[in-house]
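Peer 1: All I have is the shape, not the residue letters:
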Ligand code: FES
């Protein structure tokens, strides 16, 4: 079975570096301003703002957490609490393709761990690591809500259902 220990939340790289500032490019800032008009309070715009951060930089860095806090008048701890609650937000840089393997009950009994561990082995990465070429990140996730077609692997925004090790290998070839 794969190593299930989560990352240390107190690791040094989880804290913002005060010498590194991030700021939305002008075009993204305009989109942020439009988002603000759609919500009754700044705090209510937190989730879409975090999506915008992830779309812009691919992940939500500790520095971006502080930046979002400044934009929305929220404490960084509030922003981080939301970022760390939803696993759709990347707390580390990720590869071009994020391979999210569901290992919850229905998927697990349908050999999801064979797919998950097979991917880690084939790509020579540990769980939640990215390959050296920056192409793939392998992630274990909880139920993807498609238990009837287990096992399920999500690749970026697409679901691949009724998967097997063989189908996963074929899919990997197409993702290069
Ligand atoms: S258990 Fe895998 S999609 Fe629900």
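Peer 2: Happy to help now that I have it. Predicted, not measured: the structure shown is a model, and the values here were computed from it. Numbering: from 1, shown residues only.

Peer 1: OK, contacts around residue 45?
Peer 2: With contacts defined as Cβ atoms under 8 Å, 6 or more residues apart in numbering, the neighbours of residue 45 are 35, 36, 38, 39, 72. In short, each C-beta sits where N, CA and C put it, glycine included.

Peer 1: how close does the second one sit to residue 54?
Peer 2: Distance, residue 36 to residue 54, using Cβ to Cβ, to the nearest Å: 18 Å.

Peer 1: Let me know the secondary structure of the residue nearest the centre of the chain.
Peer 2: Among the residues of the chain, the one closest to the centroid is residue 90, at 3.4 Å (Cα atoms, centre = their mean). Three-state call for residue 90 (DSSP: H, G, I helix; E, B strand; the rest coil): coil.

Peer 1: Show me the shaky parts of the protein.
Peer 2: 1-13 (pLDDT under 70).

Peer 1: Near the ligand, which residues of it? Just list them.
Peer 2: 102, 104, 105, 106, 107, 143, 144, 145, 146, 147, 150, 152 (Cβ under 6 Å from any ligand atom).

Peer 1: which other residues reach the host helix or strand of the fourth one?
Peer 2: So the one you mean is residue 106. When elements are defined using DSSP states H and E, residue 106 is found to belong to helix 105-108. Residues from elsewhere that reach helix 105-108 (Cβ under 8 Å, 6+ apart): 101, 143, 144, 147, 148, 150, 151, 152.
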